[in-house]
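In: the following block contains a protein sequence and its predicted model.
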Amino acid sequence: MELTLDRLSKQFGEKIAVDRVSATLTPGVYGLLGANGAGKTTLMRMLCDVLRPTSGQIALNGRSVRALGAEYRSHLGYLPQDFGYYPEFTALDFMGYMAALKGIPASVSRRRSLELLDAVGLRDMAKRRIKTFSGGMKQRLGIAQAMLNQPGILVLDEPTAGLDPKERVRFRNLIASFAQDKIVILSTHIVSDVESIADEVIVMRAGSFIMRGHPETIVSALEGKVWECVADTREAAALESRFIVANAHYTPDGRNALRVIADRCPTPSATPLRPTLEDVYLHVFRDEL
Ligand SMILES: Nc1ncnc2c1ncn2[C@@H]1O[C@H](COP(=O)(O)OP(=O)(O)OP(=O)(O)O)[C@@H](O)[C@H]1O
């Protein structure tokens, strides 16, 4: 399976939300990163055929998705950012309803719904009304419904928003087990989620892809540029004014330990640290922060 984006653009009035992005996506997990307004949701909505591009094309195995129409949509699973739940429905009713909308035969819909509710840890809540669910539980239900039609292309807009650390681990494992032979595209603001889930990271800024690659490759570009500096309050303030400080905490003896991103050793006593994707993100978006 191959999904090709060819100079895909979307303009809203004067605003260019997605600006001539091109890519060839093969099975794997793609993590879309970018600040608010970078164009992630707009791109995902075009990928899911709910928003028509202003120009450019999306093709599945060389055939335009416009021409494929319903056939293309049958390969898709989508969790939109603002998913509408029906509060009075139970989780199982909701899954059944979504299955019917997707044209899944009633004979398989209940079994598959229960399997998916199990996979997202909601099996015991199957008969509870959605209005009693926490944000994280609703999010898990949203992920489950996106998988109902066993999609070959799964598009998840901020799937980890509202999940607690345990739910995040479950989600990561779920995606890992699901992703074989499938194209999974997910966006998130939680950089560490992308680092642990994605085979490829795509960083978006102002509608364009500004960076792409395996998380380790992207992170290795910052090797030798992340430091720990232990400083008193005045030194810490000076470091913060000159460099990007990714993190700060107090040491047991009351000093400041700063995680500093700097091209050269920022203080004589600084010790090198291993970079993370979050450091890369802060480095790329340093002007906007
Ligand atoms: N329907 C619309 N009409 C006008 N402008 C829009 C519309 N949808 C999106 N935009 C604009 O396009 C740009 C990209 O928005 P988009 O929602 O795709 O960004 P995003 O990266 O998903 O942001 P977030 O992380 O906040 O969801 C923003 O400037 C936004 O205001």
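Out: Thanks, I have it.
In: pLDDT weak spots in this protein?
Out: By pLDDT under 70, the low-scoring segments of the chain are 289.
In: point out the residues in it that sit beside the ligand.
Out: 12, 15, 17, 34, 36, 37, 38, 39, 40, 41, 42, 81 (C-beta under 6 Å from any ligand atom). Every C-beta, even on glycine, is put in place using the N, C-alpha and C of the backbone.
In: list only buried entries from those residues.
Out: Buried subset of these (neighbour count, 16 or more other C-beta atoms under 10 Å): 17, 34, 38, 39, 40, 41, 42.
In: just these: which are in helices?
Out: Mapping these onto helices (DSSP state H) picks out 40, 41, 42.
In: residues contacting the nearest residue to the last one once chain neighbours are set aside?
Out: Residue nearest to residue 42 in three dimensions, not counting chain neighbours: residue 17, with 4.1 Å by C-beta to C-beta, 6 or more residues apart in numbering. Residues counted as contacts of residue 17 (C-beta atoms under 8 Å, 6 or more residues apart in numbering) are 10, 11, 39, 42, 207.
In: mind telling me the two of those farthest from one another?
Out: 11 and 39 (11.0 Å; C-beta to C-beta).
In: show me the strands in the protein, by range?
Out: For the chain, the strands defined by DSSP state E cover 3-12, 15-25, 28-33, 55-60, 63-64, 76-79, 153-157, 183-187, 200-205, 208-213, 226-231, 244-250, 256-261, 271-272.
In: report the buried residues of the fourth one.
Out: Okay, so that is strand 55-60. Buried, per 16+ other C-beta under 10 Å, within strand 55-60: 56, 58, 59, 60.
In: nearest to the ligand among the contacts of residue 17?
Out: residue 42 (3.3 Å; C-beta to the nearest ligand atom).
In: bridging residues for residue 258?
Out: residue 229, residue 248 (DSSP bridges).
In: circling back to that earlier point, dump the strands of the chain into TSV; add distance to residue 171 as well.
Out: Shown next, in TSV, are the strands of the chain (distance: least, C-beta to C-beta, whole Å):
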stretch	distance to residue 171
strand 3-12	22
strand 15-25	21
strand 28-33	12
strand 55-60	26
strand 63-64	32
strand 76-79	11
strand 153-157	9
strand 183-187	10
strand 200-205	17
strand 208-213	23
strand 226-231	27
strand 244-250	24
strand 256-261	26
strand 271-272	32
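In: pretty sure residue 129 contacts residue 87?
Out: Yes: in this structure residue 129 lies within contact range of residue 87 using C-beta atoms under 8 Å: 6.8 Å.
In: these two: who's more crowded?
Out: A direct count of neighbours by other C-beta atoms under 10 Å for residue 129 and residue 87 places residue 129 higher, at 15 against 11.
In: against the ligand, how distant is the nearest residue to that one once chain neighbours are set aside?
Out: Counting by C-beta to C-beta, 6+ apart, residue 129 lies nearest to residue 90, which is 5.6 Å off, once chain neighbours are set aside. Distance from residue 90 to the ligand, counting by C-beta to the nearest ligand atom, to the nearest Å: 30 Å.
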